[in-house]
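Q: Need a 3D model of the sequence below.
(chains A and B)
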Amino acid sequence: SQQGEEDPQALSIQEGENATMNCSYKTSINNLQWYRQNSGRGLVHLILIRSNEREKHSGRLRVTLDTSKKSSSLLITASRAADTASYFCATDNNNDMRFGAGTRLTVKP
Amino acid sequence: NAGVTQTPKFQVLKTGQSMTLQCAQDMNHEYMSWYRQDPGMGLRLIHYSVGAGITDQGEVPNGYNVSRSTTEDFPLRLLSAAPSQTSVYFCASSSLGGAAGELFFGEGSRLTVL
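A: Okay, the predicted model is just below:
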């Protein structure tokens, strides 16, 4: 079964607003990663957070990890129409990488 | 930089036919993996490899074979295609440094089994 579960399944916001996506997982992990997928394309890595880290930033991205709750969140600030894509969390447990079903983000101009 | 290259991009098979999806990377990555993506679902791990000569099963390995004779190549074989294997297949690679780390993905191979 899939390890990560994203919430919400779909999110629609206006340009300039912030977008928050959540991910829950089931087993212990080495790290958690977030990926982006534009329609019909391969996935692109956004950010990795290790199990001993609680928060990480990269540009307009902010990721948190709560290992006690087995959950993570991805915040995209000041969203742009170009951020429209599907976003997936992935958990690594000794090289067995599992992905969630993703959140489909639509940013309206 | 080529990165991860998958061929073919599109393929139509009849039930029972066999084929091989090719994956090659030029980044000298030890870790390579195959995923399938079905509508409305995330990626499901089929097989992975942590180095030449080493492969392991993922979440959905049945009906698929892999081998890793070189660091660069990781082909996925469908022995007897079934309609349930209609999907988009992604190959990914990463360097190893204690954890799998960032995955680099190919552009995908869309397979239809009639």
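Q: for the chain, what spans make up the helices?
A: With no chain named, the answer covers chain A. Along chain A, no stretch is classed among the helices by DSSP state H.
Q: What parts of it come near chain B?
A: A:1-2, A:4, A:30-31, A:33, A:35, A:40-45, A:48, A:50, A:88, A:90, A:92, A:95-102 (CB under 8 Å from any CB of the partner chain). C-beta coordinates here come from the backbone N, C-alpha and C atoms, glycine included.
Q: wouldn't A:Glu17 be in contact with A:Ala81 here?
A: No: contact criterion CB atoms under 8 Å: A:Glu17 and A:Ala81 do not qualify, at 11.7 Å.
Q: which of the residues of chain A next to chain B count as buried?
A: A:2, A:4, A:30-31, A:33, A:35, A:42-43, A:45, A:48, A:88, A:90, A:92, A:95-102 (16 or more other CB atoms under 10 Å in any protein chain shown).
Q: circling back to that earlier point, are there residues contacting both of A:Glu17 and A:Ala81? Which ones?
A: Taking CB atoms under 8 Å, 6 or more residues apart in numbering or on different chains as the criterion, A:Glu17 and A:Ala81 both touch A:Val107.
Q: neighbours around B:Gly53, how many?
A: As a burial measure, B:Gly53 scores 10 neighbours (other CB atoms under 10 Å in any protein chain shown).
Q: again with B:Leu43
A: 31.
Q: looking at it, it is touching A:Phe88, isn't it?
A: Yes: counting by CB under 8 Å, B:Leu43 does reach A:Phe88; the two are 7.2 Å apart.
Q: any residues in contact with both of those two?
A: Common neighbours of B:Leu43 and A:Phe88 (CB under 8 Å, 6+ apart) are A:Leu43, A:Phe99.
Q: which strand residues sit across from the closest residue in space to A:Leu43 that isn't next to it in sequence in the sheet?
A: Leaving aside its chain neighbours, A:Leu43 sits nearest to A:Tyr35 (4.2 Å; criterion: CB to CB, 6 or more residues apart in numbering or on different chains). Taking DSSP bridges as the rule, A:Tyr35 bridges to A:His45, A:Phe88.
Q: Could you tell me which of the residues of chain A next to chain B are located in strands?
A: A:31, A:33, A:35, A:43-45, A:48, A:50, A:88, A:90, A:92, A:96-99 (DSSP state E).
Q: Having no further points to raise, I will conclude here.
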